[in-house]
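Undergrad: could you look at this predicted model? Sequence included:
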Amino acid sequence: MKFIPFFALAVFLLSSVSVAATPVRLKDLVNVDGVRGNDLVGYGLVVGLNGTGDGLRNSPFTEEMMSSILERLGVNVTGEQFRPKNVAAVLVTSVLPPFARIGGRIDVTVSTIGDSKSLLGGTLIMTPLSGADGEIYAVAQGNILAGGISAEGEAARIVHGVPTSGTIVAGARVEQEVEFDFSTLTQMRLALRDPDFTTAEKIEIAINRSFGRNVALMQDSGTVSVDLQRTGSRSPAHALSRIERIVVEPERAAKVVVDQRSGTIVMGEDVRISRVAVAQGNLTLTIEEAPIVSQPSPFSEGETIVVPRTAATIQEGRPANLAEIDGSASLSQVVAGLNALGVSPLDMIDILKAINAAGAMHASFIIQ
């Protein structure tokens, strides 16, 4: 039996308005040029696994690394053949935060690179973490917290989550600092995370108003420069601390993001839809196959045949509703109007696509 749904859609257009954005601190809107983290990576070995380590025949680099570590510890394994199942080769990644000092702790992520099935219960052996310049900036070691579960029997195996990746909270110690003297800066650039000319101008005005003089200048949609010497602050750090607390109302481009796989719809508050009426009908076509087997009489000549029999019907569901959103619709009005039709999220996605195709949606429509 097959069911084929049909949906009808009618769309009519008009105009839109804007709403005030929510005030946001500058520290949540911008990044300070030069104040950033640095990516670190290392190659290490995890031990103590419960038989879920690398198969050394398939991952010979694991055996080589284990032999190298044992030899550095004074254990001679030359010519020895060992096949432990409790070790795994891993890549260790982390981010060295700005102004990290020697002796500080940072989190690390550990991921298998061989055929290990799980890192549950494993311990990472001392692993140097290097930056893009090849210098070692931290050393990681510790017990791994894996986020998945893996279990298997004689004829079945079940995996929940990702047991081949885990984290070590505060698992690396900083051994070298990144040289950056923030106190000597005379100019500072604020980089907007979402470039926008209107937002950049608002930031410039807000900073100048806070300091009572022209210390900030918008350079483009994504950059606002600040003259630190004109701020009159004791240091660049004090100036930045004051700037971070300034509040502005950012302007953001209206977007509608749709995930077709899960039926998730996310709309920003600036989304506007012109005057629109939506009608959704629901017709169901039912096709039912009921074949009949025809057999000849006993001891007679003939053959068995299958006689097809098909029944096709069309049923009309509830009468199509017509919902109209008057004037310039806000986000809440759009949602209320679509919910008035009683449609599911997946059907709502089709309706939003049609509204966007008709030119009634004033927003970027993003489908994932």
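TA: Nice, thanks for sending it over.

Undergrad: switch to C-alpha atoms for all contacts and neighbour counts from now on
TA: Will do.

Undergrad: number of nearby residues for residue 218?
TA: 20 (other C-alpha atoms under 10 Å).

Undergrad: residue contacts, it?
TA: For residue 218, the contacting residues are 200-201, 204, 224-225, by C-alpha atoms under 8 Å, 6 or more residues apart in numbering.

Undergrad: tell me the SS of it?
TA: Classification of residue 218 using DSSP: H, G, I helix; E, B strand; the rest coil returns strand.

Undergrad: show me the beta-bridge partners of it.
TA: residue 224 (DSSP bridges).

Undergrad: how far does stretch 257-265 sit from the chain's center?
TA: Its chain's C-alpha centre and that of stretch 257-265 lie 14 Å apart, by C-alpha atoms, centre = their mean, to the nearest Å.

Undergrad: for stretch 27-35, same thing?
TA: Distance, centroid of stretch 27-35 to centroid of chain: 21 Å (C-alpha atoms, centre = their mean).

Undergrad: pretty sure residue 49 is in a helix, no?
TA: No: according to three-state DSSP, residue 49 belongs to no helix; its state is coil.

Undergrad: surely it is in contact with residue 84?
TA: No: counting by C-alpha atoms under 8 Å, residue 84 is not a contact partner of residue 49; they are 9.9 Å apart.

Undergrad: the two: who's more crowded?
TA: Using other C-alpha under 10 Å, the more surrounded residue of residue 49 and residue 84 is residue 49, with 21 against 15.

Undergrad: OK, contacts around the more buried one?
TA: Contacts of residue 49 by C-alpha under 8 Å, 6+ apart are 85-87, 118-122.

Undergrad: closest to residue 31 among those residues?
TA: If you rank the contacts of residue 49 by distance to residue 31 using C-alpha to C-alpha, residue 119 comes first, at 35.8 Å.

Undergrad: which stretches of the stretch 101-250 of the chain aren't confidently modelled?
TA: Residues of the stretch 101-250 of the chain that meet the criterion pLDDT under 70 lie in 148-160.

Undergrad: sec struct for residue 66, please.
TA: Residue 66 ends up helix, using three-state DSSP.

Undergrad: before we move on, what about the one 3 residues further on?
TA: At residue 69, secondary structure determined by three-state DSSP is helix.

Undergrad: check which helix or strand the residue nearest to residue 139 when sequence neighbours are not counted maps to.
TA: The spatial neighbour of residue 139 that comes closest, neighbours along the chain excluded (C-alpha to C-alpha, 6 or more residues apart in numbering), is residue 128 at 4.4 Å. Residue 128 is part of strand 123-130 when elements are defined by DSSP states H and E.

Undergrad: paired strands for that strand, with orientation please.
TA: According to DSSP bridges, strand 123-130 has these partners: strand 38-47 (antiparallel), strand 136-143 (antiparallel).

Undergrad: count of neighbours near the nearest residue to residue 106 once chain neighbours are set aside?
TA: Residue nearest to residue 106 in three dimensions, not counting chain neighbours: residue 170, with 4.6 Å by C-alpha to C-alpha, 6+ apart. Look at residue 170: counted by other C-alpha under 10 Å, it has 14 neighbours.

Undergrad: centre of the chain to the helix ranked longest in the chain, how far?
TA: Ranked by residue count under DSSP state H, the longest helix found in the chain is helix 197-211. Mean C-alpha position of helix 197-211 versus that of the full chain (C-alpha atoms, centre = their mean) differs by 31 Å.

Undergrad: for that helix, C-alpha coordinates in CSV please.
TA: This file holds the C-alpha atoms of helix 197-211, laid out as CSV (Å, rounded to 0.1, in the frame of the first residue of the first chain):
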residue,chain,number,x,y,z
PHE,A,197,28.8,48.7,8.5
THR,A,198,25.9,49.9,10.7
THR,A,199,27.1,47.9,13.7
ALA,A,200,30.7,49.1,13.2
GLU,A,201,29.4,52.8,13.2
LYS,A,202,27.4,52.2,16.3
ILE,A,203,30.6,50.8,18.0
GLU,A,204,32.6,53.8,17.0
ILE,A,205,29.9,56.2,18.4
ALA,A,206,29.5,54.2,21.6
ILE,A,207,33.3,54.2,22.3
ASN,A,208,33.7,57.9,21.6
ARG,A,209,30.8,58.7,23.8
SER,A,210,32.2,56.6,26.6
PHE,A,211,35.6,58.3,26.6
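
Undergrad: relative orientation of that helix and strand 216-220 in degrees?
TA: Angle of helix 197-211 versus strand 216-220, following axes from the mean of the first three to the mean of the last three C-alpha atoms, to 10 degrees, is 170 degrees.

Undergrad: buried sites along helix 197-211?
TA: Going by neighbour count (16 or more other C-alpha atoms under 10 Å), the buried part of helix 197-211 is 197, 199-208, 211.

Undergrad: contacting residues around it?
TA: For helix 197-211, using C-alpha under 8 Å, 6+ apart, the contacting residues are 26, 192, 214-218, 220-224, 231, 243, 246-251.

Undergrad: the same query, at a cut-off of 6 Å, please.
TA: 214-217, 221, 250-251 (C-alpha atoms under 6 Å, 6 or more residues apart in numbering).

Undergrad: spell out the residue ranges of the helices in the stretch 251-368 of the chain.
TA: 331-339, 345-357 (DSSP state H, counting those that start in this stretch).

Undergrad: what's the least confident stretch among those helices?
TA: Mean pLDDT is lowest for helix 331-339 out of those, coming in at a mean of 65.

Undergrad: hmm, back to that, now, among the contacts of residue 218, which is nearest to residue 184?
TA: Taking the contacts of residue 218 together and measuring to residue 184 by C-alpha to C-alpha, the closest member is residue 225, at 16.0 Å.

Undergrad: just the strands in the stretch 1-150 of the chain please.
TA: Ranges of strands within the stretch 1-150 of the chain are 2-7, 24-25, 30-32, 38-47, 88-96, 105-112, 123-130, 136-143, 145-146, 149-152, based on DSSP state E, counting those that start in this stretch.
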